[in-house]
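Participant: What shape does this take:
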Amino acid sequence: MSLDFSPGRALAIARKEIRHILRDPFTLTLALGLPLVLVVFFGFAIDFDVRGITLVIHDSDKSRISRQFAEIFASSGYFLAVEPAPGSGVLRELDTARASGVLLIKPDFARRLIGGRTAQTQFVLDGADNTRASAILGYLPGILRAARHRLTQDGPAERITLSTRFLYNHELNTRWFVIPGLAVIVMGLLAIMLTALTVAREWENGSMELLLSTPVRPWEIILGKLAPYLILGLIGAVFIYLTARLGFGVPFRGSHLLYFLLCLLFLTASLAQGLLISVATRQQQLAMQLSIITGLLPSLLLSGFVFPIESMPVFFQYFTSILSQKWFMMISRGVFLQGSGALDLARPILGLSVIAGVLLTVAAKRFKKDLEP
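Facilitator: Model (predicted):
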């Protein structure tokens, strides 16, 4: 029997739903508090201006004029001058990611300017980070105009030239920059969701309670749960690698063994994060929401995938260190484009190892024989 639409019945249902919402603090927090927190948090973190660019200045002229030229870069507000490591070439600083650029001033810089000739300089950039390199390239004309005005006020404006050279990604090919980073996002999110949803489903179905009622240690459960997904995730990493190489033509300059070993380490951290979410929530719907909030948004916005971490406020530069995606982003792009070795990647490897160890330990402690959530 069909009924005519009744505004009164709809209003009664709406009133009932409002009472349910008011009695459910989680729904209220999710609807009202979470958007505010996310907008404020990411609003401070995201900055399209690239600042704090580490720059090694190699002054072969060592004259007063060349020092003034170098000071214009250092005082621009965009660059942070750093000293090269003792005993290593200046371009080696780009290989180890200690610097994003190198300014080369030739030995005859001042003599050519004083003699009325053109003084040539070169700026070498790390092209592996396409976004940052493009932003830096946009800053150079303004800095060069300031240098010309200050150092050649009475001469032709073109007496100082600055040529640019890009390492690792000579043409600033966007795909070379995006694909290794996108692999991190996809691998991490899928790994988190796999364990979060699968184990949460077992909690809901009651099969996890049966497992916990047997004489099984928490670490045995952890390793037994993670091992199949590690293998599955590694196979997915191979597919992603083949797609990047064969489908998009992204070069691979590093060690395949090192890359896939570090893929295993990153997958371990991501799977442990999903496992911790499932243990804490024991509900598929809630596990899905937390997986997206903690796995997708931070990896897209705070891992260096789109926005350079060096340009973020100091607090967020430190905060991103708790994200496994940040460290593996450095590893993925370093191995793919720069051919970085284990020593070059010592810092991100250490960071990723610490995160994986902490997440595994916390997840194991949360597996209690007590079945109460």
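
Participant: hey, let's count contacts and neighbours off CA atoms from now on
Facilitator: Noted.

Participant: For stretch 336-355, buried residues please.
Facilitator: For stretch 336-355, the neighbour count (16 or more other Cα atoms under 10 Å) marks 336-342, 344-345, 348-349, 351-353, 355 as buried.

Participant: Keep only those of those that are in helices.
Facilitator: Pro348, Ile349, Gly351, Leu352, Ser353, Ile355 (DSSP state H).

Participant: what residue ranges in the stretch 201-350 of the chain are flagged as low confidence?
Facilitator: 208-216, 218 (pLDDT under 70).

Participant: Walking through it, point out its helices one by one.
Facilitator: Using DSSP state H, counting those that start in this stretch, the helices assigned to the stretch 201-350 of the chain run over residues 207-212, 218-242, 256-281, 284-295, 297-301, 314-319, 324-333, 346-366.

Participant: So for Ala99, which of the ones you listed sits nearest?
Facilitator: In terms of Cα to Cα, the element of the helices of the stretch 201-350 of the chain nearest to Ala99 is helix 324-333, at 13.6 Å.

Participant: then that closest one to CSV, C-alphas only?
Facilitator: Taking Å, rounded to 0.1, in the frame of the first residue of the first chain, the C-alpha atoms of helix 324-333 are listed here in CSV:
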residue,chain,number,x,y,z
SER,A,324,56.9,6.3,7.1
GLN,A,325,55.8,7.7,3.7
LYS,A,326,58.2,10.7,4.1
TRP,A,327,61.2,8.4,4.5
PHE,A,328,60.3,6.0,1.8
MET,A,329,59.5,9.0,-0.5
MET,A,330,63.2,10.0,-0.1
ILE,A,331,64.3,6.5,-0.7
SER,A,332,62.1,5.9,-3.8
ARG,A,333,63.1,9.0,-5.6
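
Participant: change the start of the numbering to 822 and stick with it
Facilitator: With the count now opening at 822, the last piece we talked about shows up as helix 1145-1154.

Participant: now that helix against helix 1167-1187, angle please.
Facilitator: Orientation of helix 1145-1154 against helix 1167-1187 (axes from the mean of the first three to the mean of the last three Cα atoms, to 10 degrees) gives an angle of 140 degrees.

Participant: what's in contact with helix 1145-1154?
Facilitator: 949, 998, 1001-1002, 1005-1006, 1009, 1080, 1083, 1087, 1090-1091, 1120, 1123-1126, 1141-1142, 1166, 1169-1170, 1172-1173, 1176-1177 (Cα atoms under 8 Å, 6 or more residues apart in numbering).

Participant: Between helix 1077-1102 and that helix, find me the angle.
Facilitator: 170 degrees.

Participant: Pull the distance from helix 1145-1154 to the chain's centre.
Facilitator: Mean-position distance between helix 1145-1154 and its chain equals 6 Å (Cα atoms, centre = their mean, to the nearest Å).

Participant: got it, and stretch 1090-1103?
Facilitator: 21 Å.

Participant: ok, now stretch 982-990?
Facilitator: 24 Å.

Participant: what mean pLDDT does that stretch have?
Facilitator: Across stretch 982-990, the average pLDDT comes to 83.

Participant: and that stretch, which residues are buried?
Facilitator: Under the neighbour-count criterion of 16+ other Cα under 10 Å, stretch 982-990 has Phe987, Leu988, Tyr989, Asn990 buried.

Participant: could you dump that stretch to PDB, C-alpha only?
Facilitator: Extracted as PDB, the C-alpha positions of stretch 982-990 are listed here (Å, rounded to 0.1, in the frame of the first residue of the first chain):
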ATOM      1  CA  THR A 982      75.000  35.600 -16.800                       C
ATOM      2  CA  LEU A 983      73.700  32.600 -14.900                       C
ATOM      3  CA  SER A 984      73.400  29.300 -16.700                       C
ATOM      4  CA  THR A 985      71.300  26.500 -15.100                       C
ATOM      5  CA  ARG A 986      71.900  22.700 -15.200                       C
ATOM      6  CA  PHE A 987      69.700  20.000 -13.800                       C
ATOM      7  CA  LEU A 988      71.000  16.700 -12.400                       C
ATOM      8  CA  TYR A 989      69.000  13.400 -12.300                       C
ATOM      9  CA  ASN A 990      66.100  14.800 -14.300                       C
END
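
Participant: And the contacts of it?
Facilitator: 939-949, 965, 993, 997, 1158-1159.

Participant: Of all pairs in these, which one is the farthest apart?
Facilitator: Thr939 and Trp997 (35.5 Å).

Participant: re earlier: mark which of the contacts of stretch 982-990 are buried, thanks.
Facilitator: Among the contacts of stretch 982-990, those scoring as buried are 939-942, 944-949, 965, 993, 997, 1158-1159 (criterion: 16+ other Cα under 10 Å).

Participant: Please flag which of the residues you listed sit within helices.
Facilitator: Per DSSP H, helices hold the following members of the buried ones among the contacts of stretch 982-990: Leu965, Trp997.

Participant: now, among the buried ones among the contacts of stretch 982-990, which is nearest to Gln889?
Facilitator: Of the buried ones among the contacts of stretch 982-990, the one sitting nearest to Gln889 (Cα to Cα) turns out to be Leu965, at 12.3 Å.

Participant: May I see the buried residues of stretch 897-909?
Facilitator: Judged by neighbour count using 16+ other Cα under 10 Å, the buried positions of stretch 897-909 are Tyr899, Phe900, Leu901, Ala902, Val903, Pro905.

Participant: Stretch 1047-1059 too?
Facilitator: Of all the residues in stretch 1047-1059, those buried under the rule 16+ other Cα under 10 Å are Leu1047, Tyr1050, Leu1051, Gly1054, Leu1055, Gly1057, Ala1058.

Participant: I figured the first one was touching Gln1094, is that so?
Facilitator: So the one you mean is Leu1047. No: here Leu1047 does not reach Gln1094: they are 11.0 Å apart, not a contact under Cα atoms under 8 Å.

Participant: neighbours around Phe890, how many?
Facilitator: Applying other Cα atoms under 10 Å, we find 23 other residues in the vicinity of Phe890.

Participant: who touches the host helix or strand of it?
Facilitator: Under the criterion of DSSP states H and E, Phe890 resides in helix 885-895. With contact meaning Cα under 8 Å, 6+ apart, helix 885-895 is reached by Ile878, Asp880, Phe900, Leu901, Ala902, Ile926, Phe930, Ala931, Ile964, Ala967, Ala968, Leu972.
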